[in-house]
Every structure is written in structure tokens, then in C-alpha cells.
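Asker: okay, predicted coordinates and the sequence, questions at the end:
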Number of protein chains: 4
Amino acid sequence: MYRKHFIYDSRKVYIGVNRFLHGVNMTVKVAINGYGTIGKRVADAVTAQDDMEIVGVVKRRPTFEAKDAVRNGFKFYAAGDEFIGAFDAEGIKTEGTLNDLLDIADIVMDCTPKKAGYMDLYKQKGVKGIWQGGEKHELTGLSFNSFSNYEDAIGADFARVVSCNTTGLCRTLWPLDNKWGIDNVLGVMIRRGADPWDSKKGPINAIEPVLKVPSHHGPDVMTVMKGLNIQTTAVAVPSTLMHLHSVIVKLKQNIPTEDVIDLWDKTSRIIFVEGKEGIKSTAQIMEQAKDSGRKRGDLFEIAVWKDGVHVVGDTLYYYQAIHQESDVIPENIDCIRAMCNVETDKWVSIEKTNKALNVR
Amino acid sequence: MYRKHFIYDSRKVYIGVNRFLHGVNMTVKVAINGYGTIGKRVADAVTAQDDMEIVGVVKRRPTFEAKDAVRNGFKFYAAGDEFIGAFDAEGIKTEGTLNDLLDIADIVMDCTPKKAGYMDLYKQKGVKGIWQGGEKHELTGLSFNSFSNYEDAIGADFARVVSCNTTGLCRTLWPLDNKWGIDNVLGVMIRRGADPWDSKKGPINAIEPVLKVPSHHGPDVMTVMKGLNIQTTAVAVPSTLMHLHSVIVKLKQNIPTEDVIDLWDKTSRIIFVEGKEGIKSTAQIMEQAKDSGRKRGDLFEIAVWKDGVHVVGDTLYYYQAIHQESDVIPENIDCIRAMCNVETDKWVSIEKTNKALNVR
Amino acid sequence: MYRKHFIYDSRKVYIGVNRFLHGVNMTVKVAINGYGTIGKRVADAVTAQDDMEIVGVVKRRPTFEAKDAVRNGFKFYAAGDEFIGAFDAEGIKTEGTLNDLLDIADIVMDCTPKKAGYMDLYKQKGVKGIWQGGEKHELTGLSFNSFSNYEDAIGADFARVVSCNTTGLCRTLWPLDNKWGIDNVLGVMIRRGADPWDSKKGPINAIEPVLKVPSHHGPDVMTVMKGLNIQTTAVAVPSTLMHLHSVIVKLKQNIPTEDVIDLWDKTSRIIFVEGKEGIKSTAQIMEQAKDSGRKRGDLFEIAVWKDGVHVVGDTLYYYQAIHQESDVIPENIDCIRAMCNVETDKWVSIEKTNKALNVR
Amino acid sequence: MYRKHFIYDSRKVYIGVNRFLHGVNMTVKVAINGYGTIGKRVADAVTAQDDMEIVGVVKRRPTFEAKDAVRNGFKFYAAGDEFIGAFDAEGIKTEGTLNDLLDIADIVMDCTPKKAGYMDLYKQKGVKGIWQGGEKHELTGLSFNSFSNYEDAIGADFARVVSCNTTGLCRTLWPLDNKWGIDNVLGVMIRRGADPWDSKKGPINAIEPVLKVPSHHGPDVMTVMKGLNIQTTAVAVPSTLMHLHSVIVKLKQNIPTEDVIDLWDKTSRIIFVEGKEGIKSTAQIMEQAKDSGRKRGDLFEIAVWKDGVHVVGDTLYYYQAIHQESDVIPENIDCIRAMCNVETDKWVSIEKTNKALNVR
């Protein structure tokens, strides 16, 4: 690995100057630590790019997902020596451990459960790292959303891609704020109680509010859209499919409903759905996503109900649905590009990611 | 029946002057048309009062609820001649039909499915009528909520008790508006998909927004709290237990959180629940209601999460949960009293109802 | 407490001979350890009897249920010294600890989470104990069901009332076996995923089989109906209301469907429901139970669909629904009577319990 | 269309003799009437074969699925003249109506709601037809399952592919019966309440038994596995993902558990899942299916829990899960081949279908 041969004061400088600016067109070597809901999707998305590749994936337990990783052709590493025996017992061949993988990776996507605490190891191994939205902003001090603050991540060592809900809010709010200015936002997040694969968690039949008011979602948006005035509340409900946001935005100008629709229509990573076409709920959105043929029926885009967008005076009301398992995947790819200095123009990266992932 | 013997220009005058002002202390004769979710509860609640009585209940089909009505000692009437056979077949004795019942009733509680269209019959029979929140305001031109506009219903012939959600909003908003003034309200209603007894309706696993934005709930509140500036949106979720409201109120004054709590604490028909006591969701609220020993585990009060009430500047955030099956029951009783001139002071009626129903 | 003053070789003898046989008609002093789903119901049920009384209830945490216990007038004890502070902080007055309570109790109803491990303490304190079906048979070596083996518990020190599902199976199977003989039974238990008050547990949207086949339910029935040939399988589903059993019984005789219905009709603790009366699912059963006015809308009886009972040759098919929160309550009362030698004739105890609890 | 030019006594003879036996290697022209859950999947599956092609799809309403059909490149026809306007209004180009499509099709896959009543039209147009399991056996007098009775459908004009549940039962039962003989079968079907895209239907929180006992599923299996002794009962539950069967089979021989596993392992269209790999419920089965990359995350195979297969004496217990939306797709393809005389050897067709659809 190059990092073994050349010593630089700053890895940022190294990667930026030597590797890419000097025309050595290497692909970024990406490790996946945690091959679950997000990890497996990032692995597939990285594989779909031409400027990065998966050098290995890490898991702790020999579940069906571990076997699936092997079946998909990823090099498989155990989280530590102590886990190798269990993989052997299930016939899952390991290439080594996380430690070994970090030796050959440029960047690690940390998709482990929150507070898993691997940062010190990454630092010690001189590998960059990206965490997911389950972690707090403070872990890295740098939160990331492609539209909102791509530039902040250029060359950075550690970043956190904001959560699915925050990403969803940024996707629709950033264009509004960028074009017309936002006075304030109120968002009520109706959250799915558990992911589709999770049969342990409830609630089966209850609605559960987040009693900390305003909820953490507003401040989380502000880690990437600094200065935005946003308040949020949240409830969990017995559904597995998607989060749904009821958003009310006070704009700095009186804008007709059609102009808002037109703006979002021109913005990528947002799709419109319509009640009058039979898309009445998150169930039909997911059905349409499955029909589109994308792997796992994922929906990387934020779905906005076109016939649910209404401006009254300076106040915009809309509903959006968030595929919690996949909407952050494009942002993870962009974040790799920014951090590894592969691309400094956010729109170029966004366009490249969209094309590779067939994102609208 | 008195109405058969004396003719007056105005029934209002009649009831007001003759029957009650002249000291004839008769109990109001109440008919229940539609013995379902609301009808059966109103029947029990009327029975618990000392100034009104059930003279009969009406149903169309010989279901378990029909048998239960008979078991509970109510006189049972078929909705029409054509239904009597079916009741006979199931051994349910009928005293006659709705027509017969209306002859002996002062007022009919119309708890039939919406748009059942009985008003003309009631007019023809000279009987007063109260509808439920499923009907539109226009049906009667008079909507009712005890706190908000009791006075408007005094002596009226026809009224509509507003829906469970609207009642819930009025319960907490009216005291705020009355004491400090409300600038504007934003409410997001997270609605239960179906009632607990309803195994036909979904969604099983989806979140469904009401695409008409703002939703009808705001205007519905304004039928009783005229002039209130309130906007609402709504979604349906796969739960049967309660509706939950996330409410944001801009007050006309900066009020400390404790003062809001104190005000509601002094207001009847509101109870506080607390996350720290283990009441995390609508499930535990209903459990507590069941433990309280009230019939059917009903919760006539609106449940507000005490540790979910937060004022930031002039903006009050709170969550409240609505027992859709029962919260309007006290208002139905008050409405009967107002319309039949039994009591002209709203607080006296509210207090009387609360006492009879053991409402906080 | 009498146990402090007289020493006997066997407490069974003591209680049997001295207290009850010698005509000292004392009420049994019952402690409740664990005031949750079962504990609170047993407390109410004991209170409804004339030959036993609650001397105190124990809980660990100051939840709404603890406050409810106090509100209901029960003397409240902390599970240990270490818990008293938390109760004090919430204004819940404690009379002492479990230790103190055991000093004044004849029998303790252990309604703590399974494997809580209090038996040694009870032995040390010389108090009898009853556990619930979450525990294994081996804990006490004596499992209990009123119909099946009341006699075995007479004078016993420790027993386990079998689980809600096992109790449900015994209620309908014992009469069949007693009257006509059962060749074998196959039961498929469709279990509710979590209790109504439990918003943590799932599944939200999955069906989960018990992979241990046959499931433990069959052997559990055999702890009280010894020699019965019964095999069971089980799945968990996203509902909170009731368990539902699809049962297939091969009888030792060809019996007409009507005779089976007639037998169960004459057996207490079973009720019939009918699809043609609108009771299509567990939802309507629970609605009918709520309408009946019993506290918490409980259903102590096993609900059998009358129009779902079918005999084909010697094979009987039926569906029954189990109110998991309450069906074992009558059996707990009977078990107290048997163990404390209050009543040695099972039918007398059953009849007495039924009457006090208004059980069919 | 050929049928316009040559008249034969029997279309069976025509297709068999002329078109295929005489070496004219034409692809079968397939029309899809009803582009919903099954229709869209059959359309994709036909497209994946080299001996058949979709000549057009028919729908009534301009939903998102209609737009998706067009996007997927299918020629789109309105169900009748009266529907064309609505499609025009939504910008969906129609090639004509069902009538026009039938003129150019060899066979129509009727995936309309049950009892839509198109058979007379198909007869009149001289086109073969395949219905789905929602229809009764009597409609066509010929029910179809690939393993069980492929031969019966060779050259037939009209057939019904049995339902998802019946197909699932045949997949695992036929090999058992074929190899060792089955004495009798008992199956309890735990059915998902509604499909994932269906947000209207419940139950949200109930378990609903099919009171007709034994249920129709047993007789339905017997339409294709004649002479099998099978009884079934069924309940509906609040899940959208899959049906789950608890099956108990009395075999004619005592067979070790491993032999049963080995037999199914060698049988196509069955996969094993394992609780110890984390596949505890239908949720994880569907997750694994999504990970496999098949369109829509479909699972054409029947999933049997390997660690849930147990033989006790001559009695085999197992659980299987059925992807109700897709398991019948391979059978639909085989049925086309049989009816159109494309292939008379069932195993050749099964193998060909499996390969084209990447079925295990």
C-alpha cells in the first residue's frame, strides 16, 4: 500500500497532490466495516463506480448476510481473530481480520452499530473513515450532505454522513433555501418503528412520540445546513417501510406552488409520486421502487407527493417519504470522492454518482 | 308525548319555557340511533346521568352488539320494518322501529354511519338531533364543543358534536386561547388506521398522508373556536389504539412551560402522562386507562405527555393522545343538556357530566 | 404470624389441620410479588373472594402501575431496600420490603419475570408460593390447572399455574378427554407477538415460527393432563390482542359436532363466539369483552368459534382464542384454595371462583 | 394471425401439429390481461424466455403500474374503448383495446380480479387462456401445478394455475408423495392479511380464522394432486410479507429427517433457510431475497426452515414460507409451454424455466 512507502505530513496532502492531481488515476480502495443494512448497500454502490472499489468487507457473525457477501464476490474479513472460528464452522472463508483489511484500504466505511468505537484503530492504521447517521456529529466534527456541504469534506480524514431523515430533509430544503431563502422550517417525522428485516423490534400497535422536544433531527440538519432555522418533532409508528415527513416551510418569498414543484423537478435525488396515480401511501411508493428493477427495490431518491405540495401565502406544506435503508447511499459515494480528493466539484460528483446508480 | 298535545311556534321556546323553566323536572328522553362505537358509549353515559335517560336504541343488524344492548337492558328497536325479521331470527326482541322510538323521544343521538340521512325524519317527528364528527358542519350549521361554544347550542334543535380529533384539539387549545391568546396553531395528526374492533381496514404496514393540505381538521376546529388561526396536516398509521397529535402553538405571550402545565392541570378532561413513569406510547396510556376500571377501558380525557410539553420563546410544543372511541362522550352529554335547556351554564353541565362519568 | 409460633414437620399438615380443618375460618393472606400484567389481575381477583385477601403488593420500579396499585388501596412494598429511594422520589409510600411482606403472608403469588429466583427466600420465610406459566415445570415439580389436576395441589407448598396457552388447551381438551377419550391432539398456536401495553417488542411485519418442533406447548399440557398425546407447533404474529389456536383432535369415538358444542356449552370458563354475529376475529372478541363491563375488558373464558367447530368422522376441528393477559386468573385463585387447603373439592372451588369473578 | 387463415377442428391439434411439430419454431405470443401483482411478474418472466414473448399488456386504469408497463417497453392496450380517454389524459399511449390484442395473441394470461368473466371473449377470439388461483377450479375444469400434473395441460385450451398457497404445498408435498407415499397431510396456513402494496386492507391488529373448516386449501391441492388426503385450516394475520404454513405429514414409511432434507435439497423451486443463520421469520427471508438481486426482491422458491424440519416416527413436521406475489410465476411459464405444446416433457420445461428465471 502506498501509505507504507511514502511518508507525508498530512495524508490529505498526499492523497490530493500525489495520487490524483499528479494524474495517477488509481481507484480508491474502500473497506466496509459492518456488512448490514447500510454496509451491503454501500458495497454494491461502490462497486458500481469506476473510481473506487471494495477491497474487503467485515462482519462479526456468520449470518445469511455474511454468506451473501461471499456469494457476491466480496473478500471477507472477520472483525477480529476471535470471530474466525465461527466463520470457519459455517464454511465462510475469511481473508484475515479487520486489521489486515485496514492495511490495504484508503478509506473505511464504518457501518457498524453506533458507538462501536473503531476510530482509534483507523487513526492508528492511517486510514480515512466515514460513519453513518446513527453516530453523533461530535464523533468526527464533520457531518456531510452532498447538496449542503460537499466542499467541507474535501480531503477530510473523518466524516459522518447524516442520517436518512436528515439527508431527506436536506434534499428538499437545500434547493429551497438556495433559491429563495428559508425563514423557518417545522418538520414532523413519522418514523417507521423498525426496518423490514427486523422482527424483534416493535411497536406492534402503538404510536410513540419522541418526548425530547424539539427532537434531535432539527439540530442534525443544522450540522450541514448551518444557520437554517428548523424545529422538528418525531413519533415512531408500527410500520417498517419508510419514514414520512410532514414539512412546513416559511419561505422568504411568496412563491407559487408550481414553482416549488418545478424547482424540485429540476433537482436530482427527488422524485414525485401522485395520489391520483394510486400512490396513496408509503406502501405504493415501495411497490413502484420494486417495479423499477433497482436491486433490493431500493429508493435512493426522496419521494415527494406532488399533489401534497401546497403553498399558502409564504408557507409551503409538503409530505416526503424516506427509504431509510438506502437514501444515504449516494451521499456515501460522494463523501468518499470528496474525502479522497477524487473530485472537488460537488455537482460533478453528484452527477457521476447518479449516473452510476441510475439515480434520477 | 308532550309534543303531541301542545303546539308551539318554536320547539326551543317550548322546551325552555314549559318543561324546565316552569319547574317540571322531567328527565330528557334520549334515543340512540346506531348502537356502535359511539352509540353504545353514549347510551351508557346517558344512563349514568340523573337528568336524562335512554328510551331505546336502534340497530340494523343482529350482531353481537345488538345482543349486548338487550343484555344491558336497553329497549331495542329495529331501524325499519324490513330489519325486524333478522332480529327475530336471532332471538332479539324488538319493541318496534325507529319510527316508534322517535315518537317517545325528546332527542335522538344519531350515531349512524355518516350521510345516513335521517334528518328529515327527525324534523318530521319533531325530535331534536345530535350527530357526530363524521358529519360535516353544514349538516346542522351548528357544531359543538363544551369548552368552546356550549352557549351556542342552548335550545338548538340540531347540532353536531365535533370529531374526536377536533374535540381533543379544543380541549387543550381553548384554555390556552382563553387565558393567553393564541397567535397560530400547527397540528400534525397521526391517526390510528382503524378502530380496535375493525379487522377489515388497513393499513397493515404503511403510512398514508392526507394529501389535501392543510387537512380538514383545522377548519373543523374553527367551527367551534371561531377565529382561531390553525393549520393541520394528517397521516394514517397501522395502529388501532389512539390518535396522536404533535401540536405547535405560537402564543401571544411568552409563557413558561410550567404555567402551561399548571393551566392544563387545572382544566378538566385533560390528564397528564409521563414517559419517565413508563408511559412511552399510546400503548401504555391505554393500559393505564384499562387499569383505572372505567368500562371498556375508555379514556374520556385527553392525555398530554407532561414531559413532552416544552415552550421555546413564544412557541409551545406538545403531544397529546386521543382515545378516538370515547373522548367525545362527555361532550355529547353536555350537548344534550344545552339543547334541551336542562342547563344553561356550561361549567355547571361540564362539572355534572364529569362527576357522573368520573372524568378528571 | 402463626408460622412464627408453632413448628410443624410439614406446613401442609399445619395449614390443613390447624387453620382450616379445626374450623378457624381465617382468610388466606396473599402477597403479590410483581405487580404487572398478571400480578395486578391476581390482586383484583383475590380481593373479589371472601376467603382470601391481599396483604401487600411488591414492585421494583415507580411506574404508573406502582402508582395505580397505591391508588387501588393495596399496601405497597419495595422489592428490596435498594428500591425504596426511587419510590420515595416519586411520592409512593412503601410499607417496607418484600422481606417484611413475606412475614405476614401465607402465600405469595410470584408474578415476577421468569427466572427471578425467589424460591429460596420463600422457603426460608416459610411461605407458600405460586408461579406463572413463564417458569418451567421443573421449578416446582407441580403444575396446576383447575379442571385437570386440582387435587394434586391440595396442601402443596409450591406450584406453577400453567401458561395462558396451556390453560386454554386444558379448558377445552379436558372435558373432551374426560367424556369421550382423546386419541391424539394437534395444536397450532398462532401467538400474539407482544402484549397490548408492550411497545418495545415486535414483530411489526413478520411471521415467526418456533423452530423447535414439536413446540414446548404440548409437553406443557402433559404436565397437568398426564398421558395425553398432544403435539403442537407455534408461530408469532404482529398482533397484541390474543393467541389463537387451531386445534385438531382425534377422539376415541365418533361424536356429532352438536354434542361437542353441547359439552362445551355446559362447561364453565368457555364461551362461544360466532362469525355470523360479526365476531370474525380476535378484534371483535376483545370488543365484546370490553362491552361486558369486566375490569380491563378482560376475558377469563376461552373463546371458541361455534361456527368453527366441525367434526369429520372421529376428527374434531376447532379454533379458540386466548386472552393471554387474563385467562389464568381463575386458575390462580383455585390454586390458592387448593394449596392452602381452603377447599378440597375442585368443582366447589371452580364454582366459587366463577361466581366471585362473574365467569361464565 | 394464423388462426384467421386456417380452420381446424381442434386448436390443440393445430398448435401441436402445425406450428411446433412441423418445425416452425415460432415464439408463443402472450397477452397479459391485468397488469397488477401477478400480471407484471408474468410479463417479465415471459420476456425472460426464448420461446415466448409478450405481445401486449392490458389495464383498466392509468395508475403508476400502467406507466411502469409503458416504461418497461410493453405494448399497452386499454381494457375497452371506454378506458382509452383516461389513459390519454395521463399521457399513456394505447395500441388499441383488449379485443385488438386478442387478435394477435396465442394465449392470454388472465390476471384480472377474480370472476372478471372474460372466458367467453377468449373463446370467441379463439385464444387460449390461463387464470390464476383466485378463480375456482370449475372455471376451467383444469388446474395446474408443474410437479403435480404438467401432462394434463398439454395442448389444453384453458387452465388455472393453482394459488400461491396450493402451489407451495405441492412443491414440498409432491416429492414426498412421489418418493415415499403420503398417508395424510394436515396444514395450517397462517396467511398474510394483505399484499405489501395494499394499504386499504387489514387487519391492523387481529387474528382472523377461516371458519369454514377444513378450509378450501386442502381441496384445492387435490385438484392437482388427486387422491391426496389433506386437510387444512387457515387464519389471516397482520403481516404483508409472506404466508407461512405449519405442515404435518404422515408418511407411508418411517423416514429419517435427513432423508427428507436431502430429497428437498435435490428438488428445484425449494430453498432452505436456517434460524441459526439469523433467518428467524418471514422478514429475514424477504431480506435475503432482496439481497439476491432478483427483480422486486421476489422469491419464486418455497422457503423451508431446515432447522424446523423434524420427523417423529412416521410424522414429518415442517414450516414453509410462501412469497404470495411470486411463487406461481414459474408455474405460469410451464403452463404456457404445456398448453401451447412447446414442450411435452415436464422436467425439460421446469429446467428451462428455472434457468431463464434463475430459480434454484
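Answerer: Perfect, thanks for sending it.

Asker: show me what contacts the residue in the stretch 251-360 of chain A that chain C sits nearest to?
Answerer: Nearest to chain C, among the residues of the stretch 251-360 of chain A, is residue A:283, at 10.9 Å (CB to the nearest CB). For the C-beta atoms, the positions are set from N, CA and C on the backbone; glycine is no exception. Contact analysis of residue A:283 by CB atoms under 8 Å, 6 or more residues apart in numbering or on different chains lists A:241, B:203, B:205, B:206, B:208, D:196, D:197, D:198, D:199, D:240.

Asker: how about TSV for these, with secondary structure added?
Answerer: Below are the contacts of residue A:283 laid out as TSV (DSSP: H, G, I helix; E, B strand; the rest coil):
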residue	secondary structure
A:241	coil
B:203	coil
B:205	coil
B:206	coil
B:208	strand
D:196	coil
D:197	coil
D:198	coil
D:199	coil
D:240	coil
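
Asker: which one (most neighbours) among those?
Answerer: residue B:206 (33 neighbours; other CB atoms under 10 Å in any protein chain shown).

Asker: so it touches residue A:238, yeah?
Answerer: No - shown here, residue B:206 and residue A:238 do not form a contact pair, counting by CB atoms under 8 Å, at 10.4 Å.

Asker: what residues are shared contacts of those two?
Answerer: residue B:238.

Asker: from the contacts of residue A:283, pick the one nearest chain C.
Answerer: Among these, and counting by CB to the nearest CB, the member closest to chain C is residue B:205, at 4.6 Å.

Asker: give me the pLDDT for that closest one.
Answerer: Listed pLDDT for residue B:205 reads 98.

Asker: give the contact list for it.
Answerer: Contacts of residue B:205 by CB under 8 Å, 6+ apart are A:238, A:239, A:240, A:241, A:283, B:238, C:204, C:205, D:196, D:239, D:240.

Asker: pull the contacting residues for residue A:241.
Answerer: Counted by CB under 8 Å, 6+ apart, residue A:241 has contacts A:192, A:196, A:282, A:283, A:285, A:286, B:205, B:206, B:207, D:196.

Asker: that older thread, and of the contacts of residue B:205, the nearest to residue A:145?
Answerer: Using CB to CB, residue A:241 comes nearest to residue A:145 of these, at 23.1 Å.

Asker: does the longest strand along chain A come close to chain B?
Answerer: Looking across chain A with DSSP state E, the single longest strand is strand A:182-192. Yes - judged by CB under 8 Å from any CB of the partner chain, strand A:182-192 and chain B are in contact via A:186, A:188, A:190, A:192.

Asker: near chain D, which residues of chain A?
Answerer: Counting by CB under 8 Å from any CB, the residues of chain A that sit close to chain D are A:40, A:61-65, A:67-68, A:90, A:196-199, A:204-205, A:240-241, A:273-274, A:277-284, A:286-288, A:290-293, A:295-297.

Asker: state the mean pLDDT of the host helix or strand of residue A:258.
Answerer: Per DSSP states H and E: residue A:258 is located in helix A:257-266. Helix A:257-266 comes out with an average pLDDT of 98.

Asker: chain center to that helix, what's the gap?
Answerer: Chain-centre distance of helix A:257-266: 24 Å, with CA atoms, centre = their mean, to the nearest Å.

Asker: ok, residues contacting that helix?
Answerer: Contacts of helix A:257-266 (CB under 8 Å, 6+ apart): A:172, A:175-176, A:179, A:270, A:272, A:304, A:306, A:309-311, A:316, A:318.

Asker: and stretch A:127-135, by the same measure?
Answerer: A:11, A:31, A:38, A:102, A:105-111, A:113-115, A:118-119, A:122, A:139-140, A:144, A:156-167, A:220, A:328, A:332, A:335-336, A:339-340.

Asker: just the buried residues of those.
Answerer: A:11, A:31, A:38, A:102, A:105-111, A:118, A:122, A:139-140, A:144, A:156-167, A:220, A:328, A:332, A:335-336, A:339-340 (16 or more other CB atoms under 10 Å in any protein chain shown).

Asker: about what we covered before: quick one: buried ones out of the contacts of helix A:257-266?
Answerer: Buried among these by 16+ other CB under 10 Å: A:172, A:175, A:176, A:270, A:272, A:304, A:306, A:309, A:310, A:311, A:316, A:318.

Asker: just the buried positions in the strand or helix carrying residue A:354, please.
Answerer: Per DSSP H and E: residue A:354 is located in helix A:346-357. Within helix A:346-357, the residues that qualify as buried by neighbour count (16+ other CB under 10 Å) are A:346, A:349, A:350, A:352, A:353, A:354, A:356, A:357.

Asker: and it, average pLDDT?
Answerer: Computed over helix A:346-357, the average pLDDT equals 98.

Asker: contacts for it?
Answerer: A:45, A:48-51, A:146-147, A:150-151, A:268-269, A:300, A:329-330, A:333-334, A:337-338, A:342-343, A:359-360.

Asker: give me the buried entries from the residues you listed.
Answerer: A:45, A:48-49, A:51, A:146-147, A:150, A:268-269, A:300, A:329-330, A:333-334, A:337-338, A:342-343, A:359.

Asker: in helices, which of those appear?
Answerer: A:45, A:146, A:147, A:329, A:330, A:333, A:334, A:337, A:338 (DSSP state H).

Asker: and the furthest pair within these?
Answerer: A:45 and A:147 (17.7 Å).

Asker: and residue A:62, what does it touch?
Answerer: A:86, A:87, A:89, A:90, A:92, D:277.

Asker: equivalent analysis for residue A:322, please.
Answerer: A:164, A:165, A:167, A:168, A:242, A:243, A:244, A:245, A:302, A:303.

Asker: closest to chain B out of the residues you listed?
Answerer: Nearest member of the contacts of residue A:322 to chain B, counting by CB to the nearest CB, is residue A:244, at 4.4 Å.

Asker: for that closest one, grab the count of nearby residues.
Answerer: For residue A:244, using other CB under 10 Å, the count is 29.
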